[in-house]
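1. Take this sequence and fold it.
(one chain, ligands or ions: 1)
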Amino acid sequence: MDFCPKCEGLLKPVRKDGKVYLVCKRCGYTKPLSSSSSGYSATRVIEESKHRTIGVVEEKEELKEKVREEVKEVSQERVRDLMDLLNREQDQMEAEE
Ligand SMILES: [Zn+2]
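-> The predicted structure is shown next:
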């Protein structure tokens, strides 16, 4: 429960424009509800989702690294194949001359 800082009257939650405000029925003091305890949990959710995002990013980086390694291996094989092909063609050309 929140109390009015001005007159210490009880603050009642009032919904207005889709937001919830705490309104003092005695003096009319109004404050948004989000600045109270509910703000903490919202921050925590953001923190947790941030951690989750970082985890996913790290996984992605690992995957990228793996893919990069595989690509390197594959491309090395490809290069070797191409070199073989080139050498063979060159041999043939030399043989023909
Ligand atoms: Zn008040």
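
2. what helix or strand is the residue nearest the centre of the chain on?
-> Against the mean C-alpha coordinate of the chain, by CA atoms, centre = their mean, the closest residue is residue 53 at 3.4 Å. Per DSSP states H and E: residue 53 is located in helix 37-96.

3. what mean pLDDT does that helix have?
-> Helix 37-96 shows a mean pLDDT of 74.

4. can you check stretch 4-20 too?
-> 91.

5. ok, and what's touching that stretch?
-> Outside of stretch 4-20, the residues within contact range by CB atoms under 8 Å, 6 or more residues apart in numbering are 1-3, 21-27, 29-34. The C-beta positions use only the backbone N, C-alpha and C, and glycine is treated the same way.

6. which of these count as buried?
-> If you count burial by 16 or more other CB atoms under 10 Å, the buried members of these come out as 21, 22, 23, 24, 29, 33.

7. Show me which residues of this structure are close to the ion?
-> Counting by CB under 5 Å from the ion, the chain comes close to the ion at 4, 6, 7, 9, 24, 26, 27, 29.
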